[in-house]
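*Asks:* Sequence and predicted structure are below.
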Amino acid sequence: MSLFVVEHQHSAETCPAGNPEMAPMLLQILSPQNAETYGITILGEGVIDGEHTLVLVLDGPDQAKVEEFMTPFAMAGSVKVKPANRCEVVVARAGC
């Protein structure tokens with residue numbers, strides 16, 4: 001498994017949280033059960049208040065699977081999937 005940091009950003013006009021049809025779908029997509037169908041574990045998530053930005057920390061099989069998991073979010077805005085490592089790994093290899 002590999003670690004990924006994902007950033008999704010959308011405009012106020014396309015904000016799924018304020019849409020009564022999309023908001024429940026958003027929660028379903030981010031459910032642990034749905035993530036497991038992609039082989040993904042959600043380690044952390046948060047929305048930056050007032051910035052319409054969702055940040056996820058995911059453990060997944062590969063970048064392609066994480067991008068597939070995040071496909072619904074691309075309908076509302078941008079999605080950036082970034083490979084990452086835990087601090088212990090970075091320290092052990094002596095560099096970011």
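*Replies:* Structure's in. What do you need?

*Asks:* Please give the element, helix or strand, for residue 12.
*Replies:* Here residue 12 is covered by no helix or strand, with elements defined by DSSP states H and E.

*Asks:* Give me the pLDDT for the closest residue in space to it that isn't next to it in sequence.
*Replies:* Setting aside the residues directly before and after it, residue 12 is nearest to residue 52 in space (C-beta to C-beta, 6 or more residues apart in numbering), at 6.1 Å. All C-beta spots, glycine's among them, are computed from the backbone N, C-alpha and C. pLDDT, residue 52: 96.

*Asks:* how close does residue 52 sit to residue 81?
*Replies:* 18 Å (C-beta to C-beta, to the nearest Å).

*Asks:* Please work out how many residues are found near the residue nearest to residue 12.
*Replies:* By the other C-beta atoms under 10 Å criterion, the neighbourhood of residue 52 contains 19 residues.

*Asks:* I figured it was touching residue 13, is that so?
*Replies:* No. With contacts defined as C-beta atoms under 8 Å, residue 52 does not count as touching residue 13, sitting 9.6 Å away.

*Asks:* Relative to the whole chain's centre, how far out is stretch 26-43?
*Replies:* The gap between where stretch 26-43 is centred and where its chain is centred comes out at 10 Å by C-alpha atoms, centre = their mean, to the nearest Å.

*Asks:* That one: end-to-end distance?
*Replies:* 17 Å (C-alpha to C-alpha, to the nearest Å).

*Asks:* got a list of contacts for it?
*Replies:* Among residues not part of stretch 26-43, those counted as contacts by C-beta atoms under 8 Å, 6 or more residues apart in numbering are 1, 3, 16-17, 45, 56-61, 65-66, 68-69, 72-73.

*Asks:* Report the buried members of the residues you listed.
*Replies:* A residue is treated as buried here by neighbour count (16 or more other C-beta atoms under 10 Å); on that basis the buried members of these are 16, 56, 58, 60, 65-66, 69, 72-73.
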